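Chemist: Pasting the sequence and the predicted coordinates here, then a few questions.
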Amino acid sequence: MSRTDFRTAALDALAKKVIPEEHFEFSMETARDNFFKDTGMLDVKQDVHNRFRTNPKSMVSHMTDNLDLIGQEDLLDLGCGNAFVLEHLRPHLADGTITGLDVAPAVLDAARARMHGTATPCTWIEGSADDLSMLADGSFDRVMANYMIHYVPDLDRCFTEVRRVLRPGGIFQLTTDRTDSMLEMYQVHFAALKAMGAPKDLIKATPKGRLSLDNGAGQLERHFENVKRVTWQDQLRFTDPEPFLRFYQVGHNHCCASSEPDERLDEAFFSELRARVRAQVTETIKEHGYFAVTKYTGSFLCS
Ligand SMILES: C[S@@+](CC[C@H](N)C(=O)[O-])C[C@H]1O[C@@H](n2cnc3c(N)ncnc32)[C@H](O)[C@@H]1O
């Protein structure tokens with residue numbers, strides 16, 4: 001086992017018991033008008049991943065290495081969010097250009113502000129990743145879509161468009177998760193839901209199940225000749241339940257249970273849910289010294 005291979009046989013066995021086959025699905029409009037109406041959700045996730053990670057190599061370094069940049073490329077980032085990834089990538093594109101596209105105006109504004117004044121020319125486009133009609137054929141050396149593809153309404157159209165705007169020899173990097181990524185968070189969440197007798201339709205996996213690290217290759221191979229999967233793991237370790245609770249509530253909408261209004265679930269429901277999750281996390285910290293959340297993520301490199 002390498003220092004950054006966090007998945008044990010015990011976790012694999014647990015995943016089979018805990019992670020449901022069925023996954024949540026959310027529309028692009030829900031993403032735009034709810035999750036990403038501001039940068040709150042992204043800020044919490046990015047902060048927690050940075051502060052509590054165990055893998056000395058960050059996810060952003062993994063993505064950067066995969067892109068194999070010489071510094072002169074034209075790069076398109078689909079669903080660029082608040083440019084957290086682009087800020088780290090930018091020094092590798094000192095003589096290149098960056099185009100960020102996102103459907104949510106508030107995060108796009110944050111991206112623009114974050115990159116303002118840097119020497120790499122940046123262009124910002126508000127739109128959906130399945131309509132790149134504003135971009136010329138063969139205008140990019142690299143295209144990325146990180147943790148966003150599950151929101152795109154028409155995946156086949158999106159991949160056809162990516163293919164069209166990529167130059168020959170270019171690389172498309174699509175980063176997503178396995179549905180059993182962050183298994184321990186789902187375990188405590190589902191246990192709390194079950195103990196509360198919560199509606200069974202809340203027991204669903206991450207919406208990334210639509211195109212996950214496990215099932216994505218087939219969808220991509222319909223559009224790209226070469227599809228290679230490069231995996232990356234990390235383990236967030238918490239010795240205080242509160243930062244984890246923020247990650248769970250604000251970063252992940254209680255594993256999607258609070259993603260959309262649901263008249264069956266009021267604030268008292270979520271308050272009890274958090275109290276139960278907090279109790280389990282506190283117990284694990286007492287017993288093992290920390291609460292671990294194991295990430296299993298990675299990228300498809302398509303050409
Ligand atoms: C989880 S964030 C990921 C942000 C960024 N790629 C990162 O890795 O930090 C998902 C982003 O996809 C955007 N998004 C959702 N649906 C989209 C679509 N159809 N086209 C473009 N962007 C979309 C959201 O507004 C949000 O900024």
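Modeler: The structure has been received and is ready for your questions.

Chemist: residues near the closest residue to the ligand within the stretch 151-300 of the chain, how many?
Modeler: Relative to the ligand, the nearest point of the stretch 151-300 of the chain is Tyr151 (3.4 Å; Cβ to the nearest ligand atom). For glycine as for every other residue, the C-beta is placed from the backbone atoms N, C-alpha and C. Burial measure for Tyr151: 24 neighbouring residues, criterion other Cβ atoms under 10 Å.

Chemist: just Arg222 next, same as before
Modeler: 11.

Chemist: try the one 5 residues further on
Modeler: Val227 has 19 neighbouring residues, counting by other Cβ under 10 Å.

Chemist: Which pLDDT value goes with it?
Modeler: We note a pLDDT of 98 for Val227 in this prediction.

Chemist: Do I have it right that the residue of the stretch 151-300 of the chain closest to the ligand meets Glu25?
Modeler: No. If you go by Cβ atoms under 8 Å, Tyr151 and Glu25 don't touch, sitting 9.6 Å apart.

Chemist: Could you check how far the residue of the stretch 151-300 of the chain closest to the ligand is from Gly289?
Modeler: Counting by Cβ to Cβ, to the nearest Å, the gap from Tyr151 to Gly289 is 37 Å.

Chemist: So which bits of the stretch 101-250 of the chain are right by the ligand?
Modeler: By Cβ under 6 Å from any ligand atom, the residues of the stretch 101-250 of the chain that approach the ligand are Leu101, Asp102, Val103, Ala104, Val107, Ser128, Ala129, Asn146, Tyr147, Met148, Tyr151, Val152.

Chemist: Quick one: the strands in the stretch 51-200 of the chain, in order.
Modeler: Applying DSSP state E, counting those that start in this stretch to the stretch 51-200 of the chain gives strands spanning 74-78, 97-102, 122-126, 140-146, 166-177.

Chemist: With mean pLDDT and mean neighbour count added, can I get the ones you listed in a markdown table?
Modeler: Below are the strands of the stretch 51-200 of the chain laid out as a markdown table (pLDDT from 0 to 100; neighbours: other Cβ atoms under 10 Å):
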| stretch | mean pLDDT | mean neighbour count |
| --- | --- | --- |
| strand 74-78 | 99 | 25 |
| strand 97-102 | 98 | 24 |
| strand 122-126 | 98 | 16 |
| strand 140-146 | 98 | 24 |
| strand 166-177 | 98 | 20 |
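
Chemist: now the ones you listed in a markdown table, with distance to Tyr186?
Modeler: Shown next, in a markdown table, are those (distance: least, Cβ to Cβ, whole Å):
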| stretch | distance to Tyr186 |
| --- | --- |
| strand 74-78 | 27 |
| strand 97-102 | 27 |
| strand 122-126 | 33 |
| strand 140-146 | 21 |
| strand 166-177 | 12 |
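
Chemist: No further queries at this time; thank you.
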